[in-house]
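In: predicted structure and sequence below. I'll ask about it afterward.
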Amino acid sequence: MVIGEQIRWGLAGYGDLSRKRLVDALNGHGYRLDVVWGRQLVKAQEFAQKYQIPRATDDLKILMQNVDAIYVATPVYSHVPITEMALSQNLQVIIEKPLSPLVHPTEHLVQIATQNKIRAAVAYYRRWMPAAQYVKNLLANGILGKLHKVTVELHSLFAPAVDDPQRWRCDPAVAGAGVIADVGSHRLDLLCWFFGLPQMLKASLLEPFPEGCERVAKLELLWPDNLAAFCHFCWQANQIQDYIQFDFEYGQLRWSPLDTGYLRFVGAQETWEKHLPPAANPHAALVAAFCADLPCCSIQEAALVDLIIEAAVKSNRNGSAWINLHEQNMN
């Protein structure tokens, strides 16, 4: 980013996320939201008027005029075309997660960004949560002993009506996959950030919507040195559960609920608790870090989550067979 000058943002998409978080996130100290794009011009204009955005358009070329960066907050199937267009015009980019599993290849985006030295990131904002930073440091220093197992549970209710604007998340042609791609991807990114790409994976994707995306995903991931992670993502539960549990040599650490930042460790020698709350608007923390040139999830890193999702679909189609992710990554 250009240091010392105000960064002008263009926003692609006027959905729930844009209303609830991105308008605020893209209007910060040293940067501002200048233009919003959407497929329906009238809706884009209404959005711009409501949130006092100077320009609105349904033309991607106009979106990318007189701005420095683009935030892509559209359904998954349009992530790659919009990002490719922005990168080709030397614009910095943040893309909503997941990047583009099962929809479009993304290798060329990495090549364009690298060759032109353009900053591009995917919005896995939980990396910037204080609890996530604390856990990563704990894992790095090894003071809790050898880590044997990780358990990830996310249960919530998502049952949009046929005419609900969120219904696109049920269609694999638009979303790539269901619960694993939408909310599971954030948790999978944390696992990749903590431990790198797993060696092996097997998965079951269950209870599909009529359009085809799964409501339930169960994954087992294996890393070298006998580390295993068991993930259960479910969109059918009335009672919310959202936690990551780490079973160490010296005790058990639970991060629950994930988005409140509560950590509790119970061991033979000690028990402790920490509360490390996230920013009120975690997307604002992400955008601020991006604008300050601090490390964010790169396209290369985000592609690892896409690889896991794609392997999970392949495993499920083959009767929950084990998939070697490192071999998959080289194909």
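Out: Arrived safely. In this text the structure is predicted, and so the values were computed from the model without any measurement.

In: give me the three-state assignment for V305.
Out: At V305, secondary structure determined by DSSP: H, G, I helix; E, B strand; the rest coil is helix.

In: these two touch, right, it and D189?
Out: Yes. With contact defined as C-beta atoms under 8 Å, V305 and D189 form a contacting pair (5.1 Å). (Each C-beta comes from the backbone N, C-alpha and C, glycine too.)

In: more neighbours: those two, which one.
Out: A direct count of neighbours by other C-beta atoms under 10 Å for V305 and D189 places V305 higher, at 29 against 24.

In: distance of the more buried one from L139?
Out: Using C-beta to C-beta, to the nearest Å, we find V305 at a distance of 18 Å from L139.

In: what does M200 give?
Out: From M200 across to L139, the span is 20 Å (C-beta to C-beta).

In: over to W272?
Out: Applying C-beta to C-beta, the value for W272 to L139 is 16 Å.

In: next one: P101
Out: Distance from P101 to L139, counting by C-beta to C-beta: 26 Å.

In: and for Y125?
Out: Y125 is 19 Å from L139, where distance means C-beta to C-beta.

In: higher neighbour count, the two?
Out: Of the pair Y125 and L139, Y125 is the one with more neighbours under other C-beta under 10 Å, namely 27 against 17.

In: these two touch, right, that one and N281?
Out: No. Using C-beta under 8 Å, Y125 makes no contact with N281, being 9.5 Å away.

In: and the residue of the chain most remote from its centre, its phi and psi?
Out: Of all residues in the chain, Q269 has its C-alpha farthest from the mean position, at 36.3 Å, by C-alpha atoms, centre = their mean. Backbone torsions of Q269, given as degrees, to the nearest 10, read phi -100, psi -20.

In: again with T151
Out: Here T151 shows phi and psi, under degrees, to the nearest 10, equal to phi -120, psi 130.

In: next, count neighbours for it.
Out: T151: 16 neighbours (other C-beta under 10 Å).

In: run through the bridge partners of the closest residue in space to it that isn't next to it in sequence.
Out: Distances taken as C-beta to C-beta, 6 or more residues apart in numbering place Q245 nearest to T151, at 4.4 Å, with adjacent residues excluded. Per DSSP bridges, the residues bridged to Q245 are T151, R254.

In: does Q245 touch H148 like I think?
Out: No. At 11.4 Å, Q245 and H148 do not qualify as touching, with contact defined as C-beta under 8 Å.

In: which of these two has more residues huddled nearby?
Out: The residue with more neighbours, out of Q245 and H148, is Q245; 16 against 13, by other C-beta under 10 Å.

In: please name the residues that touch that one.
Out: Each residue near Q245 by C-beta atoms under 8 Å, 6 or more residues apart in numbering is listed here: V150, T151, V152, E153, Q252, L253, R254, W255, S256.

In: no more questions from me, cheers.
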